[in-house]
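A.B. asks: just coords:
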Ligand SMILES: [Zn+2]
């Protein structure tokens with residue numbers, strides 16, 4: 001349990017320092033098993049990911065019921081619904097990283113560049129805008145990941161991104177890759193328009 005909390009703190013800090021999350025935005029989680037029951041360790045609500053401590057981390061069960069006293073992120077249902085839809089997903093990173101979110105607010109899609117995994121799709125999949133923090137958004141995110149076992153990231157229109165992985169390293173790396181892809185595409189389109 002301590003290692004899991006330390007990992008959440010470490011990857012939260014990486015996201016903050018690399019500019020993928022700012023202020024009190026963004027949330028990350030990882031699923032773990034204890035005494036044959038599954039739980040989720042998730043960042044707390046209303047705290048910056050830049051300076052969390054292990055004792056700040058919230059623990060919930062897969063139905064988002066609290067196990068400790070720390071109030072979880074407002075997107076806790078989104079994390080739980082994705083874990084329930086896909087057993088292979090062990091960690092989730094949700095950010096409003098600037099370039100990817102810029103695309104999310106525009107009518108342009110982010111291209112799926114080569115360089116991460118072996119997924120061959122032209123564009124990152126998207127779901128239409130649903131109010132953040134709602135069970136409707138949680139259900140839509142769970143359904144979207146559940147209907148395609150290869151889907152590892154989605155864009156939430158007018159909101160941000162959700163990246164997933166077999167551990168926090170993979171989910172965080174994918175969130176960085178998507179942000180860099182959006183940045184590269186933006187630069188490319190700017191240059192082509194000169
Ligand atoms: Zn969000």
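C.D. replies: Received the coordinates, thanks. Since the structure is predicted, the reported quantities are computational estimates derived from the model, not experimental observations. Numbers count the residues shown, from 1 in each chain.
A.B. asks: From now on I want contacts and neighbour counts done on CA atoms only, so please keep to that.
C.D. replies: Noted.
A.B. asks: Any buried residues in the longest helix belonging to the chain, and which?
C.D. replies: Ordering each helix of the chain by length in residues (DSSP state H) puts helix 168-193 first. Within helix 168-193, the residues scored as buried using 16 or more other C-alpha atoms under 10 Å are 168, 170-186.
A.B. asks: go on, stretch 107-122?
C.D. replies: 109-113.
A.B. asks: In TSV, list these along with distance to residue 25.
C.D. replies: Below are the buried residues of stretch 107-122 laid out as TSV (distance: C-alpha to C-alpha, whole Å):
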residue	distance to residue 25
109	23
110	21
111	25
112	25
113	26
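A.B. asks: can you tell me which two in those are farthest apart?
C.D. replies: Greatest spatial distance in the buried residues of stretch 107-122: 109 and 113, 12.1 Å, computed using C-alpha to C-alpha.
A.B. asks: between those two, what contacts are shared?
C.D. replies: Applying C-alpha atoms under 8 Å, 6 or more residues apart in numbering, one finds that no residue jointly contacts residue 109 and residue 113.
A.B. asks: For the chain, which segments are assigned as helices?
C.D. replies: 2-17, 76-85, 98-105, 135-146, 168-193.
A.B. asks: pull the longest strand from the protein.
C.D. replies: strand 27-34 (DSSP state E).
A.B. asks: Of all the helices of the chain, which one comes closest to residue 54?
C.D. replies: Of all these, helix 2-17 comes closest under C-alpha to C-alpha, at 5.1 Å.
A.B. asks: For the closest one, name the packing helices and strands.
C.D. replies: For helix 2-17, the packing partners by 3 or more C-alpha pairs under 8 Å, 6 or more residues apart in numbering; DSSP states H and E come out as strand 27-34, strand 37-42, helix 168-193.
A.B. asks: any residues touching that helix, and which ones?
C.D. replies: The contact list for helix 2-17, computed with C-alpha under 8 Å, 6+ apart, reads 21-22, 27-30, 41-43, 49-55, 57, 168-169, 172.
A.B. asks: now do 6 Å
C.D. replies: 21, 49-50, 52, 54 (C-alpha atoms under 6 Å, 6 or more residues apart in numbering).
A.B. asks: Equivalent analysis for stretch 157-175, please.
C.D. replies: 89-96, 101, 104-105, 128-129, 152-155.
A.B. asks: for stretch 180-194, same thing?
C.D. replies: So stretch 180-194 is contacted by 99-100, 110 (C-alpha under 6 Å, 6+ apart).
A.B. asks: could I get these as TSV with pLDDT and distance to residue 163?
C.D. replies: TSV is the format used below for the contacts of stretch 180-194 (pLDDT from 0 to 100; distance: C-alpha to C-alpha, whole Å):
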residue	pLDDT	distance to residue 163
99	98	15
100	98	12
110	95	14
